[in-house]
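Participant: Attaching a predicted model along with its sequence, questions to come.
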Amino acid sequence: MSNTNPACNNWPATAPFFGGPFPTRTWFRAGGAPCSGTAATRALAKKTEVLQYKGNSAQLTQKQKWAQFAKGKSHNKKQSWASQTQTVTNPNVNNLYQVRNTLICEECPTKEVVGDQNVDSQAKANALRGVTKITGTLTITGNVTDWSPFNCLKEITDNFSIANNLALTTIQGFGNLMSIGGFFFIIFNDNLETISGFGSLGTIVRNFDISSNDNLTTIQGFGSLTEVGEFYIFNNAELATITGFGNFKTIVGEFYIVNNTLLTNPQFSGAFNNLISIAGNISVYENDSGATNWTMPTGWGTAPKLKWGTAGRSLSGANFSGPAQGDINDLDPNS
């Protein structure tokens, strides 16, 4: 313990006290000379001691704590409902249902609907608010602009598709969806620009297919996805960014990245570097305007080495050339 005895500044400086107790005490709770130094040095020692308390293990001053809190980095951080930077304000980061200026915080008790759900209007989407499980398919073909009715959805036992929505520009609001028992389709949405918000989706039993979305530029937010049946990203003319597949490990069937003319090698390699098993064929061609100098993701050739193919496997890898082509052919089946 440092010399921070609060009585040090109160003892008379004259005899018989001379700045300390009289008669002189035989022991102190503090070690050393508890009243040594000046009031200023003792105050500094006290501040140093406070900063060492367990409750302030980060050793932050009060101003630093407020700065961290303002940035959303406080260790006591609770649920955030809004965010703000110097240029952008988002008053509804969780995409909650909103009535005028009021956010409706929904709890999600188990609620199941049985049967295929064809959502071709906002009204039909609203009818599914609070549903946690759909035993059947979910097909969204209408002009849905408010995705908050799907905030509670956790499981779809069959297919999930969003198709032929001409006014759709972004997809979000499926942050609690964890599993799809059939196919995952996002196709033929001509004005769709960004796909995000599937951060809890871990397993797709059948195919993952994002195809023929003419203005799609960004695919992101699949950070929990680990396994799919087959994987297709095809014919998205403006696609330039793929990110957020950091836990993607296993493809039971084919891996097919074809005819995305703006997609470059760094985006391809960075997105799929952690794959460790592709049981079927690998098809990677007509991307990057037909470039032939792509390199294989480095993770495919290092431990754990990519297990590729079964009997009859094939490689259609026109984007690869030179050593990369050889490297990918040298990956032994089930190695």
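Facilitator: Alright, I've got the coordinates. Residues are numbered from 1 along each chain as shown.
Participant: Quick one: mean pLDDT for the longest helix seen in the chain?
Facilitator: Across the chain, the helix with the greatest residue count (assigned by DSSP state H) is helix 39-50. Mean pLDDT, computed over helix 39-50, is 74.
Participant: Then stretch 120-131?
Facilitator: pLDDT averaged over stretch 120-131 gives 91.
Participant: ok so, going back, got the buried residues for the longest helix of the chain?
Facilitator: Judged by neighbour count (16 or more other C-beta atoms under 10 Å), helix 39-50 contains these buried residues: Arg42, Ala45. C-betas here are computed from N, CA, C, even on glycine.
Participant: ditto for stretch 262-274
Facilitator: Leu263, Thr264, Asn265, Gln267, Phe268, Ser269, Gly270, Ala271, Phe272, Asn273, Asn274.
Participant: ok, Pro149 touching Arg129?
Facilitator: Yes. Using C-beta atoms under 8 Å, Pro149 is in contact with Arg129, at 4.1 Å.
Participant: Which one's more surrounded, those two?
Facilitator: Remark: of Pro149 and Arg129, Pro149 carries more neighbours, 21 against 17, as counted by other C-beta atoms under 10 Å.
Participant: Please save the CA atoms from stretch 157-175 in CSV.
Facilitator: Provided in CSV are the C-alpha atoms of stretch 157-175 (Å, rounded to 0.1, in the frame of the first residue of the first chain):
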residue,chain,number,x,y,z
THR,A,157,-36.8,-27.2,-42.5
ASP,A,158,-36.9,-27.0,-46.3
ASN,A,159,-35.9,-24.5,-49.0
PHE,A,160,-35.3,-20.8,-48.6
SER,A,161,-35.4,-18.5,-51.6
ILE,A,162,-35.6,-14.9,-52.5
ALA,A,163,-36.2,-14.5,-56.2
ASN,A,164,-37.5,-12.1,-58.9
ASN,A,165,-37.8,-9.1,-56.6
LEU,A,166,-37.3,-6.2,-59.0
ALA,A,167,-37.3,-3.4,-56.4
LEU,A,168,-35.1,-5.2,-53.9
THR,A,169,-31.7,-3.5,-53.2
THR,A,170,-30.5,-5.1,-50.0
ILE,A,171,-31.2,-8.2,-47.9
GLN,A,172,-30.9,-8.1,-44.1
GLY,A,173,-32.8,-9.0,-41.0
PHE,A,174,-32.2,-12.8,-40.8
GLY,A,175,-29.7,-12.5,-38.0
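Participant: Can you give the distance from it to the centre of its chain?
Facilitator: What separates the centre of stretch 157-175 from the centre of its chain is 19 Å, taken as C-alpha atoms, centre = their mean, to the nearest Å.
Participant: any weak-confidence spans in the stretch 201-335 of the chain?
Facilitator: 303, 309-313, 321-335 (pLDDT under 70).
Participant: Apply 50 and report the result again.
Facilitator: Of all residues in the stretch 201-335 of the chain, those with pLDDT under 50 make up the ranges 335.
Participant: Helices of that one, start to end?
Facilitator: Using DSSP state H, counting those that start in this stretch, the helices of the stretch 201-335 of the chain run over 265-271, 322-329.
Participant: Contacts only, for Asn235.
Facilitator: Asn235 makes contacts with Ser211, Ser212, Val258, Asn259, Asn260, as judged by C-beta atoms under 8 Å, 6 or more residues apart in numbering.
Participant: quick one: which of those is most hemmed in?
Facilitator: Asn260 leads the contacts of Asn235 on contacts (other C-beta under 10 Å) with 25 neighbours.
Participant: That one touches Phe234, doesn't it?
Facilitator: Yes. Using C-beta under 8 Å, Asn260 is in contact with Phe234, at 7.4 Å.
Participant: shared neighbours, these two?
Facilitator: Counting by C-beta under 8 Å, 6+ apart, nothing touches both Asn260 and Phe234.
Participant: Doesn't Gln64 belong to a helix?
Facilitator: Yes. Counting by DSSP: H, G, I helix; E, B strand; the rest coil, Gln64 is part of a helix.
Participant: and it, how far is that from Asn151?
Facilitator: Using C-beta to C-beta, to the nearest Å, Gln64 is found at 35 Å from Asn151.
Participant: Neighbour count: the two, which is higher?
Facilitator: The neighbour count for Gln64 versus Asn151, taken as other C-beta under 10 Å, is higher for Asn151 (21 against 11).
Participant: what does the model give the more buried one for pLDDT?
Facilitator: 89.
Participant: right, and it touches Asn176 too?
Facilitator: Yes. Assessed by C-beta under 8 Å, Asn151 is found in contact with Asn176 at 6.5 Å.
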